[in-house]
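**Q** Mind folding the following:
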Amino acid sequence: MINDFLLTPVVVGTEQDRKIIDNILLNVKDKKSLVNLVGKTSISDLIIIIKKASFVVANDNGIHHLSNFLNKKTLTLFNFSSYKVFNWNNKNSNFIFNPIFDCMPCVGQENGPFDNYPFKCPWKERCKYSIDEKVIIKKLEKLKWIQ
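**A** This next block holds a predicted model:
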């Protein structure tokens with residue numbers, strides 16, 4: 001599906017993320033269309049990559065916060081955390097939240113809201129499958145970040 005657009009995805013992560021990312025990349029048909037920098041980037045490298053990117057798609061993590069801090073077009077995927085708590089309110093910040101389970105978002109209410117970290121999910125984090133590539137592409141098209 002990503003091959004339908006003139007994009008060069010850049011995949012980043014730590015060496016500890018490699019196994020998860022490699023599993024995700026199994027679904028990419030044309031791996032020549034992306035740049036895999038997993039385990040090869042420092043924070044300084046990441047800042048340069050974000051600054052040069054047309055836009056950033058990230059989970060609610062440090063990359064999403066860094067991208068928003070740099071005022072880059074950012075689409076954040078909120079699977080388990082709350083967009084009401086962790087979203088940035090700038091013109092370049094957008095998000096997807098698809099609350100398909102009653103437990104979403106997974107945010108503690110005791111003296112909070114606070115992120116539920118480390119995760120203690122009795123449903124094996126089923127929410128991590130609530131946003132797929134079709135939903136992301138549709139949102140990017142709606143934002144007119146891709147055509």
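
**Q** all contacts plus neighbour counts: C-alpha atoms, from now on.
**A** Will do.

**Q** quick one: average pLDDT of stretch 15-31?
**A** The average of the pLDDT scores along stretch 15-31 is 86.

**Q** Go through it and flag the buried ones.
**A** By 16 or more other CA atoms under 10 Å, the buried positions in stretch 15-31 come out as Ile21.

**Q** Ok, stretch 56-70 next?
**A** Val56, Val57, Ala58, Asn59, Asp60, Ile63, His64, His65, Leu66, Ser67, Asn68.

**Q** Point out the ones among the residues you listed that are inside strands.
**A** Counting by DSSP state E, those place Val56, Val57, Ala58, Asn59 in strands.

**Q** Now distance to Cys103 and pLDDT too, for these, in CSV please.
**A** Listed next are these as CSV, based on distance: CA to CA, whole Å; pLDDT from 0 to 100:
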residue, distance to Cys103, pLDDT
Val56, 27, 97
Val57, 24, 97
Ala58, 22, 95
Asn59, 18, 92
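
**Q** Now the two most distant members of those residues.
**A** Spatial extent of those (CA to CA) is set by the pair Val56 and Asn59 at 10.0 Å.

**Q** if I look at Ser81, how far off is Val56?
**A** Going from Ser81 to Val56 by CA to CA, to the nearest Å gives 18 Å.
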